[in-house]
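In: Below is the structure, and that's it, no one-letter string:
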């Protein structure tokens, strides 16, 4: 493979710092022991919130009146797309029954989890899209109880009204004004609601990600997310200004957010390199500082000799977002296989996927796209298998299962099978 680097960078380690692991572990222990009292104390300490933790129903209903009509319309527009896509995912999941052998029937049921915990970050900004992506998807799956947790702050009068409205539109049942580790712990332990989450989903900082990691097994999770990643694969037909704009648009997520360009065009590679620095500097702060640092430290431009080599590089990186700005989009869609979500052609970009177009934006990072996709409606559904045998089928199954059990040294299993052999068994 002929690969050269116009700009090369390290990849983020996607490893949790030891002090973060220890801090999260201690906080979760305190929350499990101290429960609601400890969660309220942490809300005061970290977010300065001393009001009620569970948001009253009337406050959720009144949130819409605190928003401009255009904001409400935008939230409802995005929700329609996200819900329609999640509904289509559910429609693709079928229950079935099959006769494996005469008299041996087996099948699959699709059963939603009972309680979903959806974390919605709200630091500098209200992450309305994250509320829609998690809640609408759980609702489409048929989850009975959906509990949202998002930081409450004095300067906002509690949970941000746009998040409250988005959660309500998408189908949330309860909302907690909690952020960070205390939010994840409250969802897992059923604090304030009595509803212990079966699964916790949603993006967050390193403390949120580590809390989800430490609770995995006790609860299900969507992904353990590291810094946001974005890759563009492009050929000579791509516009360098568009490539640079889209790369830097994703770099503003944070100073450790890698952005990568893979291209077969030397001209595009060099033009993009120059433009990215300018585009980052042209952003207002704090986006300027984040994007400039991300491009400086984690921006990369890879030059390859063919489309096939470009596709191989993309599959090796397994990026969270993968954008194709090249001819023959059908070839790329069929060939690429490791990514969180794919964005095809110059009329499509990651911003659409992040905010409004429909497919979920809670996606795998750190090369996890090699073995998993992002959040989707099916992740809230358990595929449960069942089986039923007639006496005649059991008599046929019994001796084989007993012999396999004895081959494995499991006499108790064998005797259980022997009980079903019946008079017709050989």
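Out: Yep, that arrived. Quick caveat, the model's predicted, so the values are computed rather than measured. Numbering: from 1, shown residues only.
In: For the helix or strand bottoming out on mean pLDDT in the chain, what is the distance to the chain centroid?
Out: Every helix and strand of the chain was ranked by mean pLDDT, DSSP states H and E. The lowest is strand 3-7, at a mean of 92. Centre-to-centre, strand 3-7 and its host chain are 31 Å apart (C-alpha atoms, centre = their mean, to the nearest Å).
In: Now do the buried residues in stretch 406-422.
Out: 414, 417, 420-421 (16 or more other C-beta atoms under 10 Å). Every C-beta, even on glycine, is put in place using the N, C-alpha and C of the backbone.
In: so of these, which ones are in helices?
Out: Among the buried residues of stretch 406-422, the ones falling in helices (DSSP state H) are 414, 417.
In: hmm, back to that, which neighbouring elements make contact with the least confident helix or strand of the chain?
Out: Counting contacts by 3 or more C-beta pairs under 8 Å, 6 or more residues apart in numbering; DSSP states H and E, strand 3-7 is packed against helix 266-281, strand 299-304.
In: Show me how far the longest one is from its chain's centre.
Out: Using C-alpha atoms, centre = their mean, the distance from the centre of helix 266-281 to the centre of the chain it belongs to is 30 Å.
In: Against which helices or strands is that helix packed?
Out: With contacts taken as 3+ C-beta pairs under 8 Å, 6+ apart, helix 266-281 sits against strand 3-7, helix 240-251, strand 259-263, helix 287-298, strand 299-304.
In: quick one on the thing from earlier: take the buried residues of stretch 406-422 and lay them out in a markdown table including distance to residue 194 and pLDDT.
Out: Below are the buried residues of stretch 406-422 laid out as a markdown table (distance: C-beta to C-beta, whole Å; pLDDT from 0 to 100):
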| residue | distance to residue 194 | pLDDT |
| --- | --- | --- |
| 414 | 45 | 97 |
| 417 | 43 | 96 |
| 420 | 43 | 93 |
| 421 | 48 | 88 |
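In: From the buried residues of stretch 406-422, pick the one nearest residue 221.
Out: residue 417 (37.4 Å; C-beta to C-beta).
In: Check the secondary structure at the spatially most central residue of the chain for me.
Out: The residue lying closest to the centre of the chain (C-alpha atoms, centre = their mean) is residue 362, at 2.9 Å. Secondary structure assignment for residue 362 (DSSP: H, G, I helix; E, B strand; the rest coil): coil.
In: what sits against residue 43?
Out: Applying C-beta atoms under 8 Å, 6 or more residues apart in numbering to residue 43 gives the contacts 49-50, 53, 152, 177-179, 182.
In: Kindly recompute the last result at 10 Å.
Out: By C-beta atoms under 10 Å, 6 or more residues apart in numbering, the contact list for residue 43 reads 49-51, 53, 151-153, 176-180, 182-183, 186.
In: That one should be in a strand, yeah?
Out: No - applying three-state DSSP, one finds residue 43 to be helix, outside a strand.
In: Quick check: residue 352 is in a helix.
Out: Yes - counting by three-state DSSP, residue 352 is part of a helix.
In: now it: how far from residue 148?
Out: Using C-beta to C-beta, to the nearest Å, residue 352 is found at 24 Å from residue 148.
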